[in-house]
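J.: here are the coordinates; sequence isn't available:
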């Protein structure tokens, strides 16, 4: 199975953090994707454990919150 990669999720994030962009393969052969980056964070995240917008601890799932230090973070 291929490893999911994302511009929103880094190794510092929980391994269960997901968003739709992780399942789409962009064609960025000429660096075109930079022109489409939105400065407003509107990505919908979900937890791979709960399959909802809330983690196992009942707190919201976001790129800012799903990092090391949160007890459910892997």
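T.: Received the coordinates, thanks. Computed from a prediction, not measured in an experiment: that's the story for all the values here.
J.: which outside residues touch stretch 48-63?
T.: Here stretch 48-63 makes contact (Cβ atoms under 8 Å, 6 or more residues apart in numbering) with 8-9, 13-18, 41, 43-47, 65-66, 70-72. Where you see a C-beta, it was placed from the backbone N, CA and C, and this is true even at glycine.
J.: Of those, grab the buried ones for PyMOL.
T.: PyMOL command restricting the contacts of stretch 48-63 to the buried ones, with burial defined by 16 or more other Cβ atoms under 10 Å:
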select buried, resi 9+13+14+16+17+18+45+46+47+65+66+72
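J.: and the contacts of stretch 48-63, which of them are in helices?
T.: Secondary structure from DSSP state H places none of the contacts of stretch 48-63 in helices.
J.: Next step: the contacts of stretch 48-63 restricted to strands.
T.: Among those, the members falling in strands are 17-18, 45-47 (criterion: DSSP state E).
J.: and the gap between residue 19 and residue 46?
T.: 7 Å (Cβ to Cβ, to the nearest Å).
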